[in-house]
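> Mind looking at a prediction? Sequence and model below.
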Amino acid sequence: MEFTGINYLAVLGAAVAAFMFGAAWYGGLSKQWMAAMELSEPPKPNPMIYALTFVCQLVIAWVLAGVMGHLSQISVTGGMISAFFVWLGFVATTLIVNHRFQDASWSLTIIDGGHWLGVLMIMGIVIGLIGT
């Protein structure tokens, strides 16, 4: 199940756990998210968006596993540290820039940023637990 030191079972488990976290996160914050998006009705579910989301989360988990392996940090602590710095350096900064140019609310940035921090932390923990 491994290629170049990446455990694909860990990647799959991380993506599944992160996808489930996203459902719970946005399910719990749906009213706040809709207000931040200035929506009066929730968007209609589209199965293709969920499929694309899962594929993207597989890619994120694969890249995070590669970063952790490259840094020789395949542990729960290493996963959490790597996940936090990936989030801070790439995700949080990107969200802030994009949302400011889109004139989105700071509450949307906080909701989305919290989601991606949770996704990456969960991925780092799962990858760290399952290991190589």
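The structure has been received and is ready for your questions. Numbers count the residues shown, from 1 in each chain.

> Helices along the chain, start to end?
8-28, 30-37, 47-70, 76-86, 93-101, 106-130 (DSSP state H).

> Using JSON lines, lay out those together with mean pLDDT.
As requested, those are exported to JSON lines (pLDDT from 0 to 100):
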{"stretch": "helix 8-28", "mean pLDDT": "97"}
{"stretch": "helix 30-37", "mean pLDDT": "96"}
{"stretch": "helix 47-70", "mean pLDDT": "96"}
{"stretch": "helix 76-86", "mean pLDDT": "96"}
{"stretch": "helix 93-101", "mean pLDDT": "98"}
{"stretch": "helix 106-130", "mean pLDDT": "97"}
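
> Include mean neighbour count when you put these into TSV, please.
In short, each C-beta sits where N, CA and C put it, glycine included. Below are the helices of the chain laid out as TSV (neighbours: other CB atoms under 10 Å):
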stretch	mean neighbour count
helix 8-28	17
helix 30-37	15
helix 47-70	16
helix 76-86	19
helix 93-101	13
helix 106-130	20
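
> Check what contacts stretch 113-125 and list those residues.
Residues from elsewhere that reach stretch 113-125 (CB atoms under 8 Å, 6 or more residues apart in numbering): 14-15, 17-18, 21-22, 25-26, 57, 60-61, 64, 68, 76, 78-84, 86-87, 91-92, 95-96.

> what about 6 Å?
Stretch 113-125 has contacts (CB atoms under 6 Å, 6 or more residues apart in numbering) with 14, 17-18, 21, 25, 61, 64, 76, 79-80, 82-83, 86-87, 91-92, 95.
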